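*Asks:* no sequence on hand, only this structure:
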């Protein structure tokens, strides 16, 4: 950027724009001629003579805190499915459905889906609300109907509901979206 100084040597900065149009420096690669001199570094080259190395500084994402802040702000906290730390939350309508919920959890974990079970003694409305506030991409709701049919009912963070889905079909759909980097 014009007007900024590179004190060690030439550099390349990578700037990204956030959701508000502000520019942030994230990645950078810079040659440093000063530090090898300061530390009196040298090496023996193929010619048998001593040479002063050139140091390369690189920060692929820049400050990780800045990068994560920009990323979270960009997505308003609703990270895409493939990047979400919890991709699916399995919720029970009652305590007696916990065993089936754990079975669903194991099946999803077997396919490397980031999943957790919410079998707290709370209403399903509270569990769904909590998951929506946390911006969990998929909420799987387990009740008597799902246990009897061996199915799942799914709610997306966007409010779409699908009932009586085959677990394997749901799993394949989630894996496909993750693989294709689709939200």
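*Replies:* Received the coordinates, thanks. Given the structure is predicted, the values throughout are model-derived calculations rather than measurements. Numbers count the residues shown, from 1 in each chain.
*Asks:* isn't residue 135 right next to residue 79, touching?
*Replies:* Yes: when contacts are counted by C-beta atoms under 8 Å, residue 135 is listed as touching residue 79 (7.2 Å). (Glycine included, C-beta is placed from N, CA and C.)
*Asks:* pick out whichever of these two has more residues nearby.
*Replies:* In this view residue 135 and residue 79 are compared by other C-beta atoms under 10 Å, and residue 79 has more residues nearby, 18 against 14.
*Asks:* do you know how far the more buried one is from residue 87?
*Replies:* Using C-beta to C-beta, to the nearest Å, we find residue 79 at a distance of 10 Å from residue 87.
*Asks:* and residue 38, by the same measure?
*Replies:* Counting by C-beta to C-beta, the separation of residue 38 from residue 87 is 48 Å.
*Asks:* with residue 165 instead?
*Replies:* As for residue 165, its distance to residue 87 is 16 Å (criterion: C-beta to C-beta).
*Asks:* these two: who's more crowded?
*Replies:* The residue with more neighbours, out of residue 165 and residue 87, is residue 87; 22 against 17, by other C-beta under 10 Å.
*Asks:* can you give the domain ranges for this structure?
*Replies:* Each domain of the chain is listed here as a residue range: 11-75, 81-180, per the TED database.
*Asks:* any idea which of these is most buried?
*Replies:* Of the domains of the chain, the one with the most neighbours on average (mean count of other C-beta atoms under 10 Å) is domain 81-180, at a mean of 16.
*Asks:* gap between that domain and the chain center?
*Replies:* The gap between where domain 81-180 is centred and where its chain is centred comes out at 18 Å by C-alpha atoms, centre = their mean, to the nearest Å.
*Asks:* that domain - what's its average pLDDT?
*Replies:* Domain 81-180 carries an average pLDDT of 95.
*Asks:* what about the strands in the chain?
*Replies:* Remark: strands assigned in the chain by DSSP state E are 11-17, 23-32, 43-44, 50-51, 55-59, 88-92, 115-118, 138-142, 151-156, 161-166.
*Asks:* other SSEs contacting the fourth one?
*Replies:* This points to strand 50-51. Contact analysis of strand 50-51 by 3 or more C-beta pairs under 8 Å, 6 or more residues apart in numbering; DSSP states H and E lists strand 43-44 as its packing neighbours.
*Asks:* could you redo the last one with a cut-off of 6 Å?
*Replies:* Using 3 or more C-beta pairs under 6 Å, 6 or more residues apart in numbering; DSSP states H and E as the contact criterion, no helix or strand is in contact with strand 50-51.
*Asks:* and it, which strands flank it?
*Replies:* For strand 50-51, the paired strands and their directions (DSSP bridges) read strand 43-44 (antiparallel).
*Asks:* and the contacts of the partner strand?
*Replies:* With C-beta atoms under 6 Å, 6 or more residues apart in numbering as the test, strand 43-44 has contacts from 51, 53.
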